[in-house]
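J.: Output the structure for:
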Amino acid sequence: MTTTTLAVLVPLLPFLGAAAGLLLGRTAPGFVRPLAVLPTLAALALACTVAADQGGGQAVDAHTELTPTGSVPIELALHIDGFAALVALLVAFVATCVQIYSTGYLRDDPRYPSYAALVSLFTSAMLLVVYSGDLIVLLVGWEVMGICSYFLVGHYWETPEARAASVKAFLVTKLGDVPFLIGLFALATDAGSFRITTVLATVANGGLHHPTLVGLLLLCGVAGKSAQFPLHTWLPDAMAGPTPVSALIHAATMVAAGVYFVARLLPVFEASAAVMVVLAVMAAVTMVGSALAALAQDDIKRVLAYSTIGQLGYMTGALAVGDRGAAVFHLLSHGAFKALLFLAAGVIIHAAGTNSLAVMSRASGLPDRVPDVYWTMTVALLALAAIPPFSGFFSKESVLGAAEHVATGHTEHAPGSAGWIVLVAGLATALLTAAYATRLWLLTFRGRGAEAPDHGRQPRSMTVVLWVLAVPSLAFGGFAYRSLPGWFDGRALTPTLTTSVLGTGLALVGGLVTYGAWQRTRALAARAPLGAVAAHPEADAGLVEAEVIAAHKPVFGDVAYAPDPADPGRLLLGPLYRHAAEGFHLDAVYDALFVRPVLAAASLVQFLDREVVDTYVRGAGALPRLLGAAVRRAQTGNVQTYVSALLAGTVVLAVAVLLVATGV
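T.: The predicted structure is shown next:
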């Protein structure tokens with residue numbers, strides 16, 4: 001087979017697996033798990049073959065006209081360069097791990113067939129975005145991911161949290177997609193085509209008439225899809241869905257789409273210095289704000305959600321300084337260790353029966369209960385904190401090095417101000433990232449108090465996946481920073497001395513300060529007795545995540561403990577803690593600016609419809625009814641009455657005629 005044929009099969013196989021899974025889920029349940037895993041695994045093998053054939057060399061291009069439009073043509077096109085080949089490999093790899101993990105994690109879920117089919121469709125849509133060479137076809141995959149996220153986040157629809165989170169995710173991302181669509185049409189109008197290669201050629205020739213407007217419109221969609229400020233609020237709430245879905249969304253699909261889109265069309269954004277500065281500010285606010293919020297979260301999945309927002313901020317920061325190689329390098333590295341963090345968190349949630357870090361800090365012996373999670377999650381957190389030689393160190397340092405390069409005026413790809421903004425925010429975030437990673441590890445694995453419950457060994461399908469993901473989390477960065485430049489733009493990804501020392505030093509400071517704060521709060525909390533409250537009756541090995549979400553109670557064995565105030569984040573943030581825990585009240589701001597006015601307008605429309613429009617409608621019907629009632633009263637059925645009325649009418653008419661004739 002040719003590379004083009006193999007590339008077409010990569011997104012097609014998961015799509016066919018999704019269709020077959022939906023059709024056979026009820027009639028042949030024995031085929032559900034093979035249909036979930038095998039097509040995605042085959043897509044991974046084909047993606048590896050495509051990447052090997054492409055080899056980081058000349059891009060693979062193929063196209064055919066999809067439908068005549070009479071103006072700008074829409075084509076079914078492939079454009080596979082080094083970026084696309086490697087990102088597709090990441091998507092297929094993470095999706096395969098998630099599908100295998102889910103066979104054990106959701107083994108007792110009655111809605112597993114539909115879940116597995118939607119995960120396959122999700123994967124297919126992201127692969128379509130990655131390989132597509134036409135913006136309209138890319139948009140199709142972009143929107144399919146949106147509807148898949150709606151259904152998957154709302155998988156536990158019986159819980160109000162899941163229902164609200166799915167609606168919020170859909171609406172917030174659609175809020176960004178409207179200007180994004182307008183931007184795509186404006187871009188295609190200037191280029192005369194939706195083909196990505198044609199668009200880039202037009203930009204290179206100076207044919208883009210309104211680069212700032214187009215760039216800002218496109219950034220709205222990117223901010224929504226990749227959960228960047230100010231459209232990031234949907235992602236923490238999306239944790240109400242199953243944990244494997246969170247791993248897929250955060251590591252390889254959905255949020256990665258926005259970063260990948262900017263990387264693929266970076267010359268469009270570079271055509272306007274103002275757009276690059278806006279992108280840098282967006283990245284900086286996202287990085288620092290999300291890291292502060294992560295330091296104050298109690299829910300383990302919400303910590304990881306804010307962590308994802310911050311790491312995506314690093315990627316958009318690299319794009320803001322014109323280095324898409326560093327951005328995609330961090331995307332690949334982050335995909336491995338963030339998938340590992342979420343899948344490990346899923347095991348912890350099942351083992352502990354709670355999402356609450358405060359409650360986990362009240363239990364001891366959790367590392368002995370889940371040793372695979374303990375070691376693999378430690379590796380992932382070290383990679384997240386960018387401690388050498390873990391993969392996150394090399395990819396994060398490539399971002400900081402690129403920002404330093406621009407800040408010191410060594411490139412014309414981006415304004416120097418964008419470089420300083422990203423560099424300062426990136427260094428501050430490095431300190432905060434190590435702080436919340438340390439806090440997460442300490443509260444999860446170094447608790448005190450009651451013995452953690454023993455629910456037996458986790459299914460092998462779950463633990464094997466954790467170790468598979470631990471390998472790239474540990475070794476990918478050291479291998480990739482030497483070999484990836486040839487796949488990208490040829491720019492060096494080697495860590496620079498200045499940013500390496502600063503970044504690693506700040507990370508160590510953040511970790512050590514957090515450890516010291518934890519020791520202090522632990523000593524203070526030891527003086528107060530642990531307050532026990534009513535036990536949750538369903539804390540057993542059969543507890544599923546939907547029940548944890550629904551109950552949202554701290555549970556350990558037969559005793560559930562009240563929240564522990566011994567939180568180092570509370571000591572480190574001080575008065576900022578409460579605001580950071582609430583995401584700096586951005587949801588409240590949106591509620592005041594958008595939700596309440598819309599609800600007030602809806603109430604006004606409802607009032608006008610009920611009291612004004614309905615009044616006229618009722619009045620229009622009442623007059624005929626009154627006339628009909630009067631006519632009915634005249635119809636007595638008495639012949640003498642009718643004759644008398646006839647004679648009276650005749651007399652009246654005769655008198656009237658006489659008066660007219662005499663001129664009176």
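
J.: When you work out contacts or count neighbours from here on, use the C-alpha atoms and nothing else.
T.: OK.

J.: Pretty sure Thr64 sits in a helix.
T.: No: under DSSP: H, G, I helix; E, B strand; the rest coil, Thr64 falls outside any helix and is assigned strand.

J.: Would you mind measuring from Ala257 to Ala240?
T.: In this structure, Ala257 and Ala240 are separated by 21 Å, where distance is defined by C-alpha to C-alpha, to the nearest Å.

J.: neighbour-wise, which of these two wins?
T.: It is Ala240, of Ala257 and Ala240, that has more neighbours when counted by other C-alpha atoms under 10 Å, with 30 against 24.

J.: Next secondary structure element downstream of the helix or strand harbouring Tyr590?
T.: Here Tyr590 is covered by helix 586-590, with elements defined by DSSP states H and E. Downstream of helix 586-590, the first helix or strand assigned by DSSP H and E is helix 596-607.

J.: So what touches that next one?
T.: By C-alpha atoms under 8 Å, 6 or more residues apart in numbering, no residue outside helix 596-607 reaches it.

J.: Over whatever helix or strand comes next after it, what's the mean pLDDT, rounded is fine.
T.: Proceeding N to C from helix 596-607, the next assigned helix or strand is helix 614-634, under DSSP H and E. Averaged across helix 614-634, the pLDDT comes to 81.

J.: rewinding a little: quick check: mean pLDDT across the helix holding Tyr590?
T.: Average pLDDT, helix 586-590: 92.

J.: Show me what counts as buried in that helix.
T.: Taking 16 or more other C-alpha atoms under 10 Å as the neighbour-count basis, helix 586-590 is seen to contain the buried residues Leu586.

J.: Check the offset of it from the chain's centre.
T.: Computed by C-alpha atoms, centre = their mean, to the nearest Å, the chain-centroid distance of helix 586-590 equals 18 Å.

J.: Just list what that helix packs against, helices and strands only.
T.: Identification of packing neighbours for helix 586-590 by 3 or more C-alpha pairs under 8 Å, 6 or more residues apart in numbering; DSSP states H and E yields no helix or strand.

J.: Keeping just the C-alphas, turn that helix into PDB.
T.: Coordinates of the C-alpha atoms in helix 586-590 are reproduced here as PDB (Å, rounded to 0.1, in the frame of the first residue of the first chain):
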ATOM      1  CA  LEU A 586     -14.300  33.500  36.700                       C
ATOM      2  CA  ASP A 587     -17.500  31.400  36.500                       C
ATOM      3  CA  ALA A 588     -19.200  34.000  38.800                       C
ATOM      4  CA  VAL A 589     -18.100  36.700  36.400                       C
ATOM      5  CA  TYR A 590     -19.500  34.900  33.400                       C
END
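
J.: now the strands for this protein?
T.: Counting by DSSP state E, the chain has these strands, from start to end: 60-67, 74-80, 363-364, 450-451, 532-533, 560-561.

J.: Can you list the helices and strands that the longest one packs against?
T.: Judged by 3+ C-alpha pairs under 8 Å, 6+ apart, strand 60-67 is in contact with helix 3-24, strand 74-80.

J.: Go again with 10 Å.
T.: Counting by 3 or more C-alpha pairs under 10 Å, 6 or more residues apart in numbering; DSSP states H and E, the packing neighbours recorded for strand 60-67 are helix 3-24, helix 32-54, strand 74-80.

J.: Same check on the fourth one?
T.: Applying 3+ C-alpha pairs under 10 Å, 6+ apart, we find strand 450-451 packed against strand 363-364.

J.: next one: the strand it packs on to chain centre, how far?
T.: Offset of strand 363-364 from its chain centre (C-alpha atoms, centre = their mean): 32 Å.

J.: ok, back up a step: need the strands of the chain in CSV (columns: mean neighbour count).
T.: As requested, those are exported to CSV (neighbours: other C-alpha atoms under 10 Å):
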stretch, mean neighbour count
strand 60-67, 14
strand 74-80, 22
strand 363-364, 22
strand 450-451, 18
strand 532-533, 12
strand 560-561, 22
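
J.: will you turn these into CSV that also has mean pLDDT and distance to Leu41?
T.: Compiled in CSV, the strands of the chain are given as follows (pLDDT from 0 to 100; distance: least, C-alpha to C-alpha, whole Å):
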stretch, mean pLDDT, distance to Leu41
strand 60-67, 86, 23
strand 74-80, 91, 20
strand 363-364, 80, 38
strand 450-451, 72, 39
strand 532-533, 36, 46
strand 560-561, 38, 41
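
J.: Among those, single out whichever gets nearest to Leu431.
T.: Shortest distance between Leu431 and the strands of the chain, using C-alpha to C-alpha, is found for strand 363-364: 27.8 Å.
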